[in-house]
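>>> I'd like to go over a predicted model; first the sequence, then the structure.
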Amino acid sequence: MNTQFQDNHQWKSLTSIYRYDKKSRIRKWFYVLMLLLIGFLFLPWTQNIRSKGNVTTLRQDQRPQEINTIIPGKVLKWFVNEGDFVKTGDTILQLSEIKDEYLDPQLIARTQEQLTAKEQTIDYYKNKVDATGTQIDAMAQALVLKIDQLENKLVQLSLRFNSAENDLIAAQNDFTIALKQYQRQKIMFDSGLVALPLLEQRNLTYQNSAAKRITAQNNLANIKQEISNTNIEMNAVRQEYLEKISKAKGEQFQSLSEITTGEGEVAKLQNQFSNYSIRNGLYTITAPQSGQINQAKKAGIGEIVKEGEMLVQIVPDKIEYAIEIFVRPVDLPLIKKGQSVRFMFDGFPAIVFSGWPEGSFGTFGGIVVAVETSVSPNGNFRVLVVEDPKDQPWPKQLSMGTGAMGMALLKNVPIWYELWRNVNGFPPDYYNLKEPAETKKK
């Protein structure tokens with residue numbers, strides 16, 4: 001048989017197919033590949049969390065915003081087209097009034113005239129209040145003077161009363177003496193001791209004393225009556241002046257009430273005037289900030305817009321971009337403020353090695369600045385990321401809403417650990433094993 005094979009060596013095909021006399025290297029290559037595979041398992045691998053998001057901004061005033069109308073109206077003229085860039089304060093469109101209570105072109109002027117007239121009326125009432133106050137003061141002074149006059153009169157009457165009372169006492173004494181003298185003279189006349197002329201003289205003296213007494217009594221009664229009349233007059237004067245003062249105060253309070261009412265009407269008119277003036281400035285819609293106009297909801301001239309309705313949207317031209325990504329609740333504890341994130345933007349070519357971020361091409365760095373604690377409508381948690389100042393700058397061609405794929409970089413682990421974690425379904429870096437202090441000390 002060997003001879004037969006030796007004879008067959010002359011055939012090259014047999015020599016190439018049957019290599020029984022050659023030493024095989026498959027085992028060697030197998031061991032080499034196994035060693036390489038084992039060595040590959042010990043290479044470092046960067047754990048990461050991948051999540052989709054889009055380009056936004058941290059500042060609310062830099063996000064696309066609607067331009068609404070505060071008042072209803074009719075489109076009178078457009079000053080911009082969609083896609084135009086405007087600056088702050090540029091006119092976008094002009095509206096005209098549609099409500100009948102504001103259609104008067106002289107509405108503001110007429111309201112100002114009403115306001116001026118009402119203010120003048122208030123001034124007139126204020127002058128009337130001042131005049132009434134002066135009148136009240138004058139009547140109060142007149143009352144004091146009149147009362148003083150009557151009191152002085154009462155003092156004089158009191159003195160006269162005292163004098164008349166003394167006169168009455170004197171007359172009474174004279175009458176008593178004259179009566180006694182007349183009675184004695186009459187007894188003597190009846191006895192025939194004196195003549196009739198002497199009796200008549202004593203009778204005359206007696207009659208004169210009686211008359212004087214009656215005169216003194218009448219004078220005293222007249223003075224009492226005059227004192228009573230003076231007191232009545234004093235009360236009447238007080239009543240009269242108090243009535244006049246009360247009437248004047250009533251007019252004064254009425255004027256003050258008119259002033260208060262007028263001031264309320266003036267405040268109302270001032271409010272209307274201010275509202276009309278402000279409304280007159282709302283017919284022109286201007287740009288609140290610089291940016292590009294898009295999404296015009298109304299087209300043409302004469303269309304009616306409602307109160308608070310969106311007219312156009314403006315996209316600011318100066319934006320500090322940020323990225324919002326959404327992570328699963330199970331991955332939320334792994335995301336922290338200040339953590340590094342790598343991004344791939346839609347429309348920008350990139351070659352990504354998720355486990356070796358330093359070997360990736362076309363990715364951009366970011367820093368986590370906020371992690372929201374409330375769940376989003378999609379069931380995930382929103383994370384905001386800004387540009388990493390230490391990394392290459394983000395593309396200038398970015399626009400609001402551009403899609404992005406984020407990779408939150410975590411701990412560096414061996415490949416075998418990453419494979420073992422994925423096989424067991426553990427989250428990245430879930431177990432943070434630390435040796436006890438006693439073990440370290442030993």
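The structure has been received and is ready for your questions.
>>> buried residues, stretch 142-162. List them.
143, 146, 150, 153-154, 157, 160-161 (16 or more other C-beta atoms under 10 Å). For the C-beta atoms, the positions are set from N, CA and C on the backbone; glycine is no exception.
>>> list just the nearest of those residues to residue 227.
residue 157 (4.7 Å; C-beta to C-beta).
>>> assign that closest one to helix, strand or coil.
Following DSSP: H, G, I helix; E, B strand; the rest coil, residue 157 is assigned to helix.
>>> correct me if wrong: it contacts residue 225.
No. Residue 157 is beyond contact range of residue 225, at 10.0 Å (criterion: C-beta atoms under 8 Å).
>>> can I get the buried residues of stretch 142-162 in JSON lines including secondary structure?
As requested, these are exported to JSON lines (three-state DSSP):
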{"residue": "143", "secondary structure": "helix"}
{"residue": "146", "secondary structure": "helix"}
{"residue": "150", "secondary structure": "helix"}
{"residue": "153", "secondary structure": "helix"}
{"residue": "154", "secondary structure": "helix"}
{"residue": "157", "secondary structure": "helix"}
{"residue": "160", "secondary structure": "helix"}
{"residue": "161", "secondary structure": "helix"}
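>>> tabulate those residues in a markdown table, adding columns for distance to residue 102 and pLDDT.
Compiled in a markdown table, the buried residues of stretch 142-162 are given as follows (distance: C-beta to C-beta, whole Å; pLDDT from 0 to 100):
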| residue | distance to residue 102 | pLDDT |
| --- | --- | --- |
| 143 | 57 | 89 |
| 146 | 62 | 90 |
| 150 | 68 | 87 |
| 153 | 72 | 87 |
| 154 | 73 | 87 |
| 157 | 78 | 86 |
| 160 | 83 | 86 |
| 161 | 83 | 86 |
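>>> okay, now the unreliable bits of this structure?
Where the chain drops to pLDDT under 70, the residues are 1-25, 40-41, 45-48, 347, 349-362, 409-413, 415, 417-418, 421-422, 424-442.
>>> could you chop it up by domain?
Here the domain parsing of the chain from automatic domain parsing is 45-58+320-441, 63-97+283-315, 107-280.
>>> what's the longest strand in the protein?
The single longest strand within the chain, with elements called by DSSP state E, is strand 44-57.
>>> so which elements touch the helix or strand containing residue 209?
According to DSSP states H and E, residue 209 maps onto helix 196-281. When contacts are defined as 3 or more C-beta pairs under 8 Å, 6 or more residues apart in numbering; DSSP states H and E, helix 196-281 packs onto helix 107-190.
>>> helix 196-281 and the helix it packs on, what's the angle between them?
Interaxial angle of helix 107-190 relative to helix 196-281 (axes from the mean of the first three to the mean of the last three C-alpha atoms, to 10 degrees): 170 degrees.
>>> packing partners for helix 107-190?
Judged by 3+ C-beta pairs under 8 Å, 6+ apart, helix 107-190 is in contact with helix 196-281.
>>> looks like residue 231 contacts residue 154 (just checking).
Yes. Between residue 231 and residue 154 there is a contact under C-beta under 8 Å: 7.3 Å.
>>> what's the overlap in contacts for the two?
Taking C-beta atoms under 8 Å, 6 or more residues apart in numbering as the criterion, residue 231 and residue 154 do not both touch any residue.
>>> can you redo the domains of the chain as a markdown table with distance to residue 34?
As requested, the domains of the chain are exported to a markdown table (distance: least, C-beta to C-beta, whole Å):
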| stretch | distance to residue 34 |
| --- | --- |
| domain 45-58+320-441 | 14 |
| domain 63-97+283-315 | 56 |
| domain 107-280 | 83 |
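>>> quick one: which of these is nearest residue 27?
Taking C-beta to C-beta, domain 45-58+320-441 is the member of the domains of the chain nearest to residue 27, at 24.4 Å.
>>> distance of the nearest residue to residue 115 once chain neighbours are set aside relative to residue 383?
Distance criterion C-beta to C-beta, 6 or more residues apart in numbering; nearest residue to residue 115, sequence neighbours excluded, is residue 269 at 4.4 Å. Going from residue 269 to residue 383 by C-beta to C-beta, to the nearest Å gives 55 Å.
>>> OK, contacts around residue 59?
Residue 59 touches residue 320, counting by C-beta under 8 Å, 6+ apart.
>>> now it. Its backbone dihedrals?
Backbone dihedrals for residue 59, given as degrees, to the nearest 10, come out at phi -90, psi 130.
>>> go on, residue 397?
phi -80, psi 0.
>>> can you give me the neighbour number for it?
9 (other C-beta atoms under 10 Å).
>>> how much space between it and residue 86?
Distance, residue 397 to residue 86, by C-beta to C-beta: 22 Å.
>>> for the closest residue to residue 71 other than its chain neighbours, what are its contacts?
In space, and not counting its chain neighbours, residue 71 is closest to residue 282: 5.2 Å by C-beta to C-beta, 6+ apart. Residues counted as contacts of residue 282 (C-beta under 8 Å, 6+ apart) are 69-71, 95.
>>> now with 10 Å?
69-71, 73, 95 (C-beta atoms under 10 Å, 6 or more residues apart in numbering).
>>> residue 403 too?
Taking C-beta under 10 Å, 6+ apart, we find residue 403 in contact with 52-55, 323, 344-347.
>>> residue 140: neighbouring residues, count only.
Count around residue 140 with other C-beta under 10 Å applied: 15.
>>> circling back to that earlier point, immediately after the longest strand of the chain, which helix or strand?
According to DSSP H and E, the helix or strand after strand 44-57 is strand 65-68.
>>> which residue comes closest to residue 323 once chain neighbours are left out?
According to C-beta to C-beta, 6+ apart, the nearest residue to residue 323 is residue 385 (4.7 Å).
>>> circling back: looking at residue 269 and residue 383, which is more packed in?
Neighbour count, other C-beta under 10 Å: between residue 269 and residue 383, residue 383 has more, with 27 against 19.
>>> was I right about that one contacting residue 341?
Yes. Using C-beta atoms under 10 Å, residue 383 is in contact with residue 341, at 8.3 Å.
>>> any shared contact partners between the two?
Residues touching both residue 383 and residue 341 (C-beta under 10 Å, 6+ apart) are 49, 51, 53, 323, 325, 335, 368, 406, 408.
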